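S.K.: here is a sequence together with a model predicted from it:
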Amino acid sequence: MKKVCYALLALALIGLIACAKPPQKEIDAAKAALNAAKQAEADIYAPESLKAAKDKESQLDTELANQQNKFFKSYKVAAQLCTELKSLAEKAKADAVAGKEKTKTEAQELITAAETAITTATEDLKKAPKGKGSQADLAAMQGDLDAATAALNEAKELMNTEKYLDAKAKAESAKTQAEGVSTAVQNAIEMKKGGKK
């Protein structure tokens, strides 16, 4: 009788192990956290954090596939990977939110700096030496100033659509072009002074 009981108990245990089910609730929660990170634009503002979460997702998918092919299934490792994936995905989302806010602030500061540079360059251009042979140079400097103004306007539009990295790049370009005009005017003034001596 004891042998029969042991045999039945052994069969029951084998049945339980063989029929072990994946931790679907934990898998869904981890994948949802990863999707939330992607929606928070972690690919743009926290790429390294998102990569760590995606790598963990790959490990989880591999582990789940491996267990599917086994007769005696165990989802202990998969459950642990779910916990780790959820944690990494939540970190990626938090990093993305912080990164986006930081980039927004930097873009706004660059826009302000570009506005100042354009105002300065506009005033400097009025002081540029005029005369024989300077028309082409003045036209080129005005062209650069117009391009800087256009880039600044694009940066402001990009800020409105929350494309802060692109806005930052455009504002940086506008600032550099405007500062280039001011430098060119100062060089022209210095050359004219040198020519008078």
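M.R.: That came through fine.
S.K.: mean confidence for the longest helix along the chain?
M.R.: Assignment by DSSP state H gives helix 76-126 as the longest helix of the chain. On average, the pLDDT along helix 76-126 is 96.
S.K.: stretch 144-161 too?
M.R.: The model assigns stretch 144-161 a mean pLDDT of 96.
S.K.: pull the number of nearby residues for residue 76.
M.R.: Other residues near residue 76 come to 11 when the count uses other CB atoms under 10 Å. No exception for glycine: its C-beta is placed from N, CA and C like everyone else's.
S.K.: quickly note the distance from it to residue 134.
M.R.: Distance of residue 76 to residue 134, computed by CB to CB, to the nearest Å: 79 Å.
S.K.: who does the longest helix of the chain touch, helix- and strand-wise?
M.R.: Using 3 or more CB pairs under 8 Å, 6 or more residues apart in numbering; DSSP states H and E as the contact criterion, the elements in contact with helix 76-126 are helix 24-39, helix 42-45, helix 47-68, helix 135-160, helix 164-196.
S.K.: reformat those as TSV; add distance to residue 85 and mean neighbour count.
M.R.: Putting these into TSV (distance: least, CB to CB, whole Å; neighbours: other CB atoms under 10 Å) gives the following:
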stretch	distance to residue 85	mean neighbour count
helix 24-39	4	16
helix 42-45	14	20
helix 47-68	4	16
helix 135-160	33	16
helix 164-196	27	18
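S.K.: closest one to residue 89 among those?
M.R.: Counting by CB to CB, residue 89 lies closest to helix 24-39 out of these; the figure is 3.7 Å.
S.K.: what angle do that closest one and helix 47-68 make?
M.R.: Counting by axes from the mean of the first three to the mean of the last three CA atoms, to 10 degrees, helix 24-39 lies at 150 degrees to helix 47-68.
S.K.: helix 24-39 versus helix 76-126: what angle between them?
M.R.: Using the same axes, to 10 degrees: helix 24-39 against helix 76-126 is 10 degrees.
S.K.: neighbouring contacts of helix 24-39?
M.R.: 46, 49-50, 53-54, 57, 60, 64, 78-79, 82-83, 85-86, 89-90, 92-93, 96 (CB atoms under 8 Å, 6 or more residues apart in numbering).
S.K.: swap in stretch 48-59?
M.R.: Contacts of stretch 48-59 (CB under 8 Å, 6+ apart): 30-31, 34, 37-38, 42-43, 81, 84-85, 88-89, 91-92, 95-96.
S.K.: give me that answer again for 6 Å
M.R.: With CB atoms under 6 Å, 6 or more residues apart in numbering as the test, stretch 48-59 has contacts from 34, 37, 42, 43, 81, 84, 85, 88, 89, 91, 92, 95.
S.K.: so which of those comes closest to residue 142?
M.R.: Distances from residue 142 to these, taken by CB to CB, are shortest for residue 43, at 40.0 Å.
S.K.: how far does stretch 153-170 stretch from start to finish?
M.R.: Distance between the two ends of stretch 153-170: 9 Å, counting by CA to CA, to the nearest Å.
S.K.: same question for stretch 69-77.
M.R.: Note: stretch 69-77 ends 15 Å apart using CA to CA.
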